[in-house]
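J.: Give me a model of this one.
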Amino acid sequence: MENLFKDANYLAYLEEFITENRKEGFLKVLQSRTKHFTIACEDVYQLHNTSAVMRSCEVFGIQELNVVEQRFGKQIDKEIAMGAEKWVDIKRFSTNQDCVNDLKAKGYQIIATTPHENDCMLEDFDITKPSAIFFGTEKLGLSEDIMKQADGFLKIPMVGFTESLNISVSAAIIIQAITNRLRHSDIDWKLTEEELLEKRIDWTRKSIKDIDFITKKYLERV
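T.: This next block holds a predicted model:
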């Protein structure tokens, strides 16, 4: 099955079952998708916050969201996500360390979003490096083990008496800011041809009823 997501002929076959507008819509949206940045939520126990972060990822073009479920098992709140769960890749991890190890193995630097003496203001953040932006729990923020392994610290400039924002609000502000700068840069931030093919197949499959039957018919032909 995995090889099917690398099969351009399979995509061409599947696209016979969707409209031309749907096909063009996928292509247009994928041109703005990126894995240069990825988002990680550490043990967020208010479900609607994780779902809202995922919605921000989808709206602003972040393709992958990493969710650590070390203490609080959860499912995506589809009402809050409003369909975003179909278009964003959710990577689930049972521990913080598993998540950090996976992201570092992919070449991401770990960036903690928290007030810190060595932090960087949002407008000064270096967007050239592939980065995994970590958000912590609603009350306690990021855990000590994430803080110790962070390669950098990022915060939103604030001028009021309130010292923190809701995680979903913070994520929306940061994601919009860094992706907007990214799209106006010379950085090679877009998905690779292989990644584009995989997502086109994935999204087309999700748009077709009886996809298992249709896939079976394709495999009988090849």
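J.: Check which helix or strand the nearest residue to residue 222 once chain neighbours are set aside maps to.
T.: Leaving aside its chain neighbours, residue 222 sits nearest to residue 9 (7.3 Å; criterion: Cβ to Cβ, 6 or more residues apart in numbering). C-beta here means a position set from N, CA and C on the backbone, and glycine is covered the same way. Assigned by DSSP states H and E, residue 9 belongs to helix 8-14.
J.: What residues of that helix count as buried?
T.: Within helix 8-14, the residues scored as buried using 16 or more other Cβ atoms under 10 Å are 10-11, 13-14.
J.: Pick out the most distant pair among those residues.
T.: 11 and 13 (7.2 Å; Cβ to Cβ).
J.: Run a quick neighbour tally on the residue nearest to residue 211 when sequence neighbours are not counted.
T.: Nearest residue to residue 211, sequence neighbours excluded (Cβ to Cβ, 6+ apart): residue 205, at 5.1 Å. Other residues lying near residue 205 total 18 when counted by other Cβ atoms under 10 Å.
J.: Against residue 194, how distant is residue 205?
T.: For residue 205, the distance to residue 194 (Cβ to Cβ, to the nearest Å) stands at 17 Å.
J.: Please name the bridge partners of the residue most central in space within the chain.
T.: Of all residues in the chain, the one closest to the mean position by Cα atoms, centre = their mean is residue 64, 2.5 Å from it. Listed by DSSP bridges, the beta-bridge partners for residue 64 are residue 89.
J.: Which pLDDT does the model give it?
T.: Looking at residue 64, its pLDDT is 96.
J.: for residue 90, same thing?
T.: At residue 90, the model reports a pLDDT of 90.
J.: Just say helix, strand or coil for the residue nearest to residue 17 when sequence neighbours are not counted.
T.: Distance criterion Cβ to Cβ, 6+ apart; nearest residue to residue 17, sequence neighbours excluded, is residue 208 at 5.0 Å. Put simply, residue 208 is coil when judged by DSSP: H, G, I helix; E, B strand; the rest coil.
J.: Please go through the chain and pick out the longest helix.
T.: Ranked by residue count, the top helix of the chain under DSSP state H comes out as helix 167-183.
J.: quick one: buried residues of it?
T.: For helix 167-183, the buried set under the neighbour-count rule, 16+ other Cβ under 10 Å, comprises 167-168, 170-172, 174-175, 177-179, 182.
J.: which residues are contacting it?
T.: 32, 34, 36-37, 39, 41, 44, 48-49, 52-53, 56-57, 60-62, 113, 122-123, 125, 127, 133, 135-138, 154, 156, 164-165, 189 (Cβ atoms under 8 Å, 6 or more residues apart in numbering).
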